[in-house]
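In: next one to model:
(one chain, ligands or ions: 2)
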Amino acid sequence: MTDEAEITRMERSTPRIIGVDDPDGDAAGMNGWAENGDGSAEDANGRAESAGRHEENGNGHAEGPDDQAKDAFSRLHVHHVHRLRVKASAGDYDVVIGSQLLAAADRFFEAVAPADAAVLIIFDEALATAGYPQTLRTALSLRFSSVHAVSLPTGEASKSLQQAERLYAECLAAGLDRKSVIVALGGGVVGDVAGFVAATFMRGIRFVQVPTTLLAHDASIGGKVAINLPQGKNLVGAFHPPRLVLYDVETLRTLPPAERSSGLAEAIKHGIIRDPGLFAFISAHAEALLEGDPSLTAELLARSCQVKADIVSLDERESGLRAILNLGHTVGHAVEALAYGAYTHGAAVAMGMVCEARIAVRLGLAQPDLVSTIQQILARVGLPNELPDSLKNAAAIDELIAHMRLDKKAIARSLPFVLPDALGSVRFMPAVSEEIVTAALAD
Ligand SMILES: NC(=O)c1ccc[n+]([C@@H]2O[C@H](COP(=O)([O-])OP(=O)(O)OC[C@H]3O[C@@H](n4cnc5c(N)ncnc54)[C@H](O)[C@@H]3O)[C@@H](O)[C@H]2O)c1
Ligand SMILES: [Zn+2]
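Out: Ligands and ions are numbered 1, 2, ... in the order given. Here you go, the predicted model:
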């Protein structure tokens with residue numbers, strides 16, 4: 001049934017997950033790859049019996065929707081394929097990672113919508129020259145009779161109400177109705193805007209993420225979508241999980257090096273939070289990952305997506321555990337706010353992770369060498385591992401701290417932090433003293 005000759009490589013990654021809620025690293029089912037099909041995901045401690053882990057191994061054991069995916073793998077030249085599944089109350093969804101998936105996209109959409117559904121692809125205008133929107137449109141046209149595509153100007157400024165309003169008009173012009181599909185093709189910016197439009201148009205329609213940046217592995221999983229207001233980032237949004245995440249690592253070949261580094265920051269973050277094996281993997285392959293080796297990149301994405309998938313499967317609406325994903329972001333968001341546009345998101349998060357590790361050391365939660373371990377890996381993937389001098393003077397530190405008090409996680413203007421205590425383990429500290437934070441930022 002399966003022509004395995006067509007599949008040059010099927011990767012298998014078995015990340016070891018050490019949970020913060022599970023110091024032994026042995027949460028039930030967390031190391032297995034079998035899918036938990038009975039829906040009984042959580043025990044009394046909120047641990048997943050199986051947080052939706054799934055592997056496509058090409059051996060012909062899959063059933064149902066898996067058959068469609070297997071079909072796609074077998075008949076097309078797709079490589080380095082990894083699959084995982086994310087639990088969501090609106091419906092579990094697949095994350096498929098591999099090479100040459102864009103041209104085979106129609107095969108993966110069979111479970112997304114019926115063939116008579118209208119499809120609107122919203123893509124980053126910068127991708128047009130590389131031909132990705134056309135490739136995707138051509139593939140989807142094999143399955144759907146109505147496929148439109150519309151571009152979004154590149155950059156964070158597009159996460160606006162004005163762009164959302166323009167896109168609603170495009171949805172109407174393309175004849176979208178409640179059973180239609182919006183497909184986001186691009187980085188986190190397109191994913192957030194297109195997802196926001198999908199969450200709100202006709203009270204919410206189907207949504208698919210086709211990420212084209214490394215960073216978007218973080219943004220495309222978990223269902224958070226948002227636009228910005230002039231007063232701040234992501235202030236208007238929704239939880240609107242995708243029906244599918246289709247990640248073609250071939251598209252990452254054209255990604256500028258700074259954006260590659262930026263995405264690696266979030267993967268390093270996932271390693272520090274929950275998977276020392278992922279941290280070691282990045283450390284072992286830093287240079288090849290920076291160069292964009294497709295096989296290693298696919299494995300990196302699978303492992304890093306798995307951490308995010310595990311966490312959001314356990315805490316879909318950020319009522320607790322999910323907050324650990326904010327490692328590096330309390331300081332990082334403040335850096336982004338003060339030095340607007342000077343750093344990629346990943347660079348700001350990298351600086352944030354170093355500062356927050358220093359806070360952990362000052363609080364006696366972590367050993368001092370944790371800071372240098374994190375700094376070394378950041379440097380190797382081309383990320384800053386210190387605050388710049390311009391943000392280290394007393395006035396700038398005061399401003400950074402003032403911004404941190406505005407963080408969504410801050411209650412009564414406290415200084416809340418997710419802090420690493422060792423590789424693979426973090427804890428939430430709701431209120432750290434200003435003296436400690438000031439000292440750590442100046443270190
Ligand atoms: N929803 C979430 O959970 C979540 C999580 C993290 C970040 N985000 C959001 O994601 C955004 C950042 O995402 P991003 O870093 O992907 O930014 P981005 O979408 O702006 O992409 C970065 C740059 O890369 C270019 N680009 C994209 N794909 C390319 C490709 N394949 N080849 C060449 N160039 C390409 C884009 O044109 C852009 O210039 C922020 O707005 C952030 O708030 C959301
Ligand atoms: Zn981030």
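In: what ranges does this structure have for its strands?
Out: 79-86, 93-99, 118-124, 146-152, 181-186, 206-211, 224-229, 232-239, 244-248, 417-422, 425-429 (DSSP state E).
In: would CSV of these with mean neighbour count, distance to Lys159 and mean pLDDT be doable?
Out: C-beta coordinates here come from the backbone N, C-alpha and C atoms, glycine included. CSV is the format used below for the strands of the chain (neighbours: other Cβ atoms under 10 Å; distance: least, Cβ to Cβ, whole Å; pLDDT from 0 to 100):
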stretch, mean neighbour count, distance to Lys159, mean pLDDT
strand 79-86, 24, 23, 93
strand 93-99, 25, 23, 96
strand 118-124, 25, 12, 98
strand 146-152, 19, 9, 98
strand 181-186, 29, 12, 98
strand 206-211, 28, 15, 98
strand 224-229, 21, 5, 96
strand 232-239, 14, 8, 92
strand 244-248, 25, 19, 98
strand 417-422, 23, 24, 96
strand 425-429, 19, 27, 95
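In: in CSV: those, plus distance to Gly292.
Out: Below are those laid out as CSV (distance: least, Cβ to Cβ, whole Å):
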stretch, distance to Gly292
strand 79-86, 12
strand 93-99, 12
strand 118-124, 18
strand 146-152, 24
strand 181-186, 18
strand 206-211, 15
strand 224-229, 27
strand 232-239, 28
strand 244-248, 13
strand 417-422, 28
strand 425-429, 29
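In: residues of the protein that sit close to ligand 1?
Out: Counting by Cβ under 6 Å from any ligand atom, the residues of the chain close to ligand 1 are 124, 126-127, 154-156, 159, 186-190, 192, 212-213, 215-216, 218-219, 222, 224-225, 234, 251-252, 254-255, 259, 262, 345.
In: how many residues are close by Glu287?
Out: Using other Cβ atoms under 10 Å, Glu287 has 10 neighbouring residues.
In: and the gap between the residue lying closest to it once chain neighbours are set aside and Val193?
Out: Leaving aside its chain neighbours, Glu287 sits nearest to Arg380 (7.5 Å; criterion: Cβ to Cβ, 6 or more residues apart in numbering). Computed as Cβ to Cβ, to the nearest Å, the Arg380 to Val193 distance reads 33 Å.
In: out of the two, which sits in the busier spot?
Out: Shown here are Arg380 and Val193; by other Cβ under 10 Å, Val193 has more neighbours (25 against 18).
In: was I right about the more buried one contacting Val150?
Out: No. Here Val193 does not reach Val150: they are 11.2 Å apart, not a contact under Cβ atoms under 8 Å.
In: between those two, which contacts overlap?
Out: 122, 167 (Cβ atoms under 8 Å, 6 or more residues apart in numbering).
In: give the contact list for the closest residue to Lys308 other than its chain neighbours.
Out: Once flanking residues are discounted, Lys308 sits nearest to Ile221: 4.8 Å by Cβ to Cβ, 6+ apart. Contact analysis of Ile221 by Cβ under 8 Å, 6+ apart lists 86, 95, 245, 305, 308-309, 312.
In: among those residues, which two are most distant?
Out: Val245 and Val312 (12.0 Å; Cβ to Cβ).
In: contacting residues around the residue of the stretch 301-443 of the chain at minimum distance from ligand 1?
Out: Nearest residue of the stretch 301-443 of the chain to ligand 1, counting by Cβ to the nearest ligand atom: His345, 5.2 Å away. Applying Cβ under 8 Å, 6+ apart to His345 gives the contacts 188, 215, 262, 265, 332, 336.
In: what does Ile374 give?
Out: 268, 272, 353-354, 357, 385, 420.
In: got a list of contacts for stretch 399-418?
Out: Stretch 399-418 has contacts (Cβ under 8 Å, 6+ apart) with 273, 323-324, 326-327, 330-331, 333-335, 337-338, 356, 359, 391, 426-434, 437-438, 441.
In: for stretch 387-401, the averaged confidence score.
Out: Throughout stretch 387-401, pLDDT has a mean value of 96.
In: show me what counts as buried in it.
Out: Across stretch 387-401, burial judged by 16 or more other Cβ atoms under 10 Å covers 387, 391, 396-397, 400-401.
In: would you map the helices across the stretch 201-350 of the chain?
Out: Assigned by DSSP state H, counting those that start in this stretch, the helices in the stretch 201-350 of the chain fall at 216-219, 257-274, 276-284, 286-291, 294-314, 329-338, 345-362.
In: where does the prediction get shaky in the stretch 51-200 of the chain?
Out: Residue ranges of the stretch 51-200 of the chain with pLDDT under 70: 51-76.
In: if we use 50, what do you get?
Out: 51-64 (pLDDT under 50).
In: where does pLDDT dip in the stretch 301-443 of the chain?
Out: For the stretch 301-443 of the chain (pLDDT under 50), the answer is none.
In: nearest residue to the spatially most central residue of the chain other than its sequence neighbours?
Out: Closest to where the C-alpha atoms of the chain average out (Cα atoms, centre = their mean) is Asp218, at 1.0 Å. Sequence neighbours aside, Glu266 is the residue nearest to Asp218 in space, at 4.2 Å (criterion: Cβ to Cβ, 6+ apart).
In: report pLDDT for the one you found.
Out: For Glu266, the predicted pLDDT is 98.
In: coming back round to it: how about the residue nearest to Lys308, phi and psi?
Out: phi -110, psi 130 (degrees, to the nearest 10).
In: looking at the stretch 251-400 of the chain, which residue is nearest ligand 1?
Out: Counting by Cβ to the nearest ligand atom, the stretch 251-400 of the chain gets nearest ligand 1 through Thr254, at 3.5 Å.
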